[in-house]
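**Q** A predicted structure for the sequence below; I have some questions about it.
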Amino acid sequence: MTNLKIFLLFLITIVLLLSVNLFSQTYKIVDTNQDEFYGNTGSITEPNVGSAFYGQDATYSGNQPSYTDNGDGTITDNITGLMWVKTCDLNGDGIINADDKLSYTESLAAADTFSLATYEDWRLPTIKEQYSLIIFSGMDPSGFSGSNDNLIPFIDTDYFGFNYGDENAGERIIDAQMATSTLYVSTTMMGDETMFGVNFADGRIKGYGTGPMPNQTEDKLFYVYFVRGNTDYGINIFEDNSDGTVTDNATGLMWTKDDNGEGIIWEEALEYAESSTTSGYSDWRLPNAKELQSIVDYSRSPSTTSSAAINPIFNCSTITDEGRETNYPFFWTSTTHANWTSNNYGSAAVYLCFGEALGFMEAMPPGSGNYTLMDVHGAGSQRSDPKTGDPADFPNGNGPQGDVVRIFNYVRLVRDISADINNTEILNKQLQIYPNPVDETLNFNLQNTDEILNYSIISSTGKIMMSGRWSNEGISAINIEMLKSGIYFLSIKTSTEVYYNKFVKK
């Protein structure tokens, strides 16, 4: 074969391999847009490999946010395939304020009749669809008063119309909660029906009661962005790899089936992730906020399914919570939750609640000192904790709902499955398949003397079609008669390496 043909074959192989991840994923996670590095209290220079705070959000670049303004009042997200309304100025008066807000019930009804740019299929977004728009280059304005001109929200205002809470209507600056179609399967506070909403003012997911606020008669109101397209977005396609890992074929991410089993501070969580060699992989990382939120299962909760808010394909530790009840942990992400104040600008990191989002609610009137621990925001919420310190310093929690402060949170690791498929050294030098295309028997030559531990055969859509485990050396053939014709990838794990190569089944 000529050198040109060899080169062209190599290029075709790489394109096919890349296409496995670029075109088969229905739930692509948009990066958080966090490019600043943080220590325990504020900004730091980029950490070197192996140094403290290495492996945080800004260390890794995922699918960078990319939007197209269609010039007709709609914005297309080029990563997710979702189309959004450009602004939450629903009454069209050119001002985003309290007059544009709707209740949860009104939001659902408005979506059914909403029409824009010739499209009639608009819907109220799910919590996972809405969260795809969040970016963590914003700053939490909690406690801020004055002009919001210099505040930075958690959404790209170059494309989306946004405003903070309407202080002229008696709202707080942070009252910019967005309505979604996702109801909590349990209740919060004193048994309230609860909707999960994203707050692009303060960078959080919380459960909000759909009824009236205390001392009010009208249902709580929310800003709204309607969405259309990619109805598969937010739907996971999990595969248990039978080696302590779980692949989500919808996102292209691989997860550890187990968590780390104990609460640790944020810096330790980063170190734990970067040093892990679980299941033979050495490229684990602490997930960013949007990656971790992708595996929250909003159909589950401790009080309704007696489980964490995560698919039962995963294992989840239990804890004894602040009320001495059995519950499930908060989990760290690699994402810092920046605050507007200079003294604690980068002192908190984002976590996801896989158990109840507890808080110490104070009985009226304020200052009574009578606190009750309850689920204030719902399992599946995203809040933030201090990166270091003593939880005992917060006996009544933090914030208006008394969010419990733990500081020692749990860890579940993530890695990209594309890291395996795109390793050209492995493809070309270490695993030979012959002949190729393959008929009924897949023969391979592994240039390694280590004992083969297990193998997987993966379809071009990322689905594991066959897998097995060996306890002896010398295996060099697999019967693939049951496979349909098509393109596949063979993955072989030894005690020291993971090898891949592509083959064609006749």
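**A** Thanks, I have the structure now. Note that the coordinates shown come from a computational prediction; the quantities given were computed from them, not determined experimentally.
**Q** Please, where are all the helices along the stretch 301-450 of the chain?
**A** Ranges of helices within the stretch 301-450 of the chain are 302-305, 418-421, 424-425, based on DSSP state H, counting those that start in this stretch.
**Q** Can you list the low-confidence ranges for the stretch 151-300 of the chain?
**A** Residue ranges of the stretch 151-300 of the chain with pLDDT under 70: none are present.
**Q** residue ranges of the strands in it, please?
**A** Under the criterion DSSP state E, counting those that start in this stretch, the stretch 151-300 of the chain carries strands at the ranges 177-178, 194-199, 204-209, 227-228, 238-240, 245-248, 253-256.
**Q** OK, contacts around residue 409?
**A** When the contact criterion is C-beta atoms under 8 Å, 6 or more residues apart in numbering, the partners of residue 409 are 263, 264, 266, 269, 329, 330, 331, 332, 351, 385. All C-beta atoms are positioned from the backbone trio N, CA, C, and that covers glycine.
**Q** so residue 304 touches residue 184, yeah?
**A** No: at 9.1 Å, residue 304 and residue 184 do not qualify as touching, with contact defined as C-beta atoms under 8 Å.
**Q** higher neighbour count, the two?
**A** A direct count of neighbours by other C-beta atoms under 10 Å for residue 304 and residue 184 places residue 184 higher, at 28 against 14.
**Q** close enough to count as contact, the more buried one and residue 303?
**A** No: between residue 184 and residue 303 no contact is recorded; they are 9.9 Å apart, counting by C-beta under 8 Å.
**Q** how about the contacts of residue 409, which pair is most distant?
**A** The largest distance within the contacts of residue 409, taken as C-beta to C-beta, falls between 266 and 329 and amounts to 14.1 Å.
**Q** Between those two, point out the one with more neighbours.
**A** Neighbours of residue 266 and residue 329, each counted by other C-beta under 10 Å, are more numerous for residue 266; the result is 30 against 27.
**Q** Just give the nearest non-adjacent residue to the more buried one, would you?
**A** On the basis of C-beta to C-beta, 6 or more residues apart in numbering, the spatially nearest residue to residue 266 that is not a chain neighbour turns out to be residue 387, at 3.9 Å.
**Q** Can you get me a residue count around the one you found?
**A** Using other C-beta under 10 Å: residue 387 sits among 24 other residues.
**Q** Please report the distance of it from residue 317.
**A** The spacing between residue 387 and residue 317, counted by C-beta to C-beta, to the nearest Å, is 21 Å.
**Q** ok, now residue 53?
**A** Using C-beta to C-beta, residue 53 is found at 25 Å from residue 317.
**Q** picking up where we left off before, could the strands of the stretch 151-300 of the chain go into TSV alongside distance to residue 273 and mean neighbour count?
**A** Rendered in TSV, the data for the strands of the stretch 151-300 of the chain read as follows (distance: least, C-beta to C-beta, whole Å; neighbours: other C-beta atoms under 10 Å):
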stretch	distance to residue 273	mean neighbour count
strand 177-178	31	25
strand 194-199	26	26
strand 204-209	22	25
strand 227-228	32	24
strand 238-240	21	16
strand 245-248	14	22
strand 253-256	10	24
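**Q** how about the ones you listed in TSV, adding distance to residue 401?
**A** As requested, the strands of the stretch 151-300 of the chain are exported to TSV (distance: least, C-beta to C-beta, whole Å):
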stretch	distance to residue 401
strand 177-178	13
strand 194-199	12
strand 204-209	8
strand 227-228	28
strand 238-240	32
strand 245-248	32
strand 253-256	30
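**Q** Looking at the ones you listed, which is nearest to residue 140?
**A** Proximity of those to residue 140 was assessed by C-beta to C-beta; the nearest stretch is strand 204-209, lying at 8.0 Å.
**Q** what angle separates the closest one from strand 194-199?
**A** Per axes from the mean of the first three to the mean of the last three C-alpha atoms, to 10 degrees, the angle that strand 204-209 makes with strand 194-199 is 150 degrees.
**Q** And strand 204-209, how far out from the chain middle?
**A** Strand 204-209 has its C-alpha centroid displaced from the chain centroid by 16 Å (C-alpha atoms, centre = their mean, to the nearest Å).
**Q** go on, stretch 220-230?
**A** Per C-alpha atoms, centre = their mean, the centroid offset for stretch 220-230 relative to its chain is 19 Å.
**Q** what about it, start to end distance?
**A** Stretch 220-230 stretches 29 Å from its first residue to its last (C-alpha to C-alpha, to the nearest Å).
**Q** oh, and call the first residue 764 from now on, that's how I've got it
**A** Noted, 764 is the first residue going forward, which turns the last one into stretch 983-993.
**Q** Quick one: residues contacting residue 1013.
**A** Counting by C-beta under 8 Å, 6+ apart, residue 1013 touches 788, 789, 790, 995, 998, 999, 1000.
**Q** just those residues now: which is nearest residue 1060?
**A** residue 999 (8.2 Å).
**Q** Can you tell me the SS state at residue 1241?
**A** Residue 1241 falls in the strand class when you classify it by DSSP: H, G, I helix; E, B strand; the rest coil.
**Q** And the helices in the stretch 864-1013 of the chain, which stretches?
**A** Taking DSSP H, counting those that start in this stretch as the criterion, the stretch 864-1013 of the chain carries its helices at 867-876, 890-894.
**Q** Between the two ends of stretch 1048-1065, how far is it?
**A** For stretch 1048-1065, the end-to-end distance is 27 Å (C-alpha to C-alpha).
**Q** what about it, distance to the chain center?
**A** Using C-alpha atoms, centre = their mean, the mean C-alpha position of stretch 1048-1065 is found 5 Å from that of the whole chain.
**Q** Identify each buried residue in that stretch, please.
**A** 1048-1061, 1063-1065 (16 or more other C-beta atoms under 10 Å).
**Q** One more: stretch 1015-1034?
**A** Taking 16+ other C-beta under 10 Å as the basis for neighbour counts, the residues of stretch 1015-1034 that come out buried are 1015-1023, 1026-1034.
**Q** for it, the distance to its chain's centre please.
**A** Centroid separation for stretch 1015-1034 versus its chain: 14 Å, with C-alpha atoms, centre = their mean.
**Q** Quote the end-to-end distance of it.
**A** 24 Å.
**Q** Repeat that for stretch 801-815.
**A** As for stretch 801-815, its first-to-last residue distance stands at 10 Å under the measure C-alpha to C-alpha.
**Q** Show me what that stretch is in contact with.
**A** With C-beta under 8 Å, 6+ apart as the criterion, stretch 801-815 contacts 799-800, 816-817, 819, 821-822, 1029-1030, 1034, 1037, 1099, 1101, 1105-1110, 1150-1151.
**Q** Then stretch 1028-1036?
**A** Where contact means C-beta under 8 Å, 6+ apart, the residues beyond stretch 1028-1036 that reach it are 803, 815-819, 1023, 1027, 1047-1049, 1095, 1097, 1112, 1150-1151, 1170-1172, 1174, 1176.
**Q** quick check, distance from that stretch to the centre of its chain.
**A** Per C-alpha atoms, centre = their mean, the centroid offset for stretch 1028-1036 relative to its chain is 18 Å.
**Q** Check stretch 883-898 too.
**A** Taking C-alpha atoms, centre = their mean, one finds the center of stretch 883-898 at 14 Å from the center of the full chain.
**Q** Thank you, goodbye.
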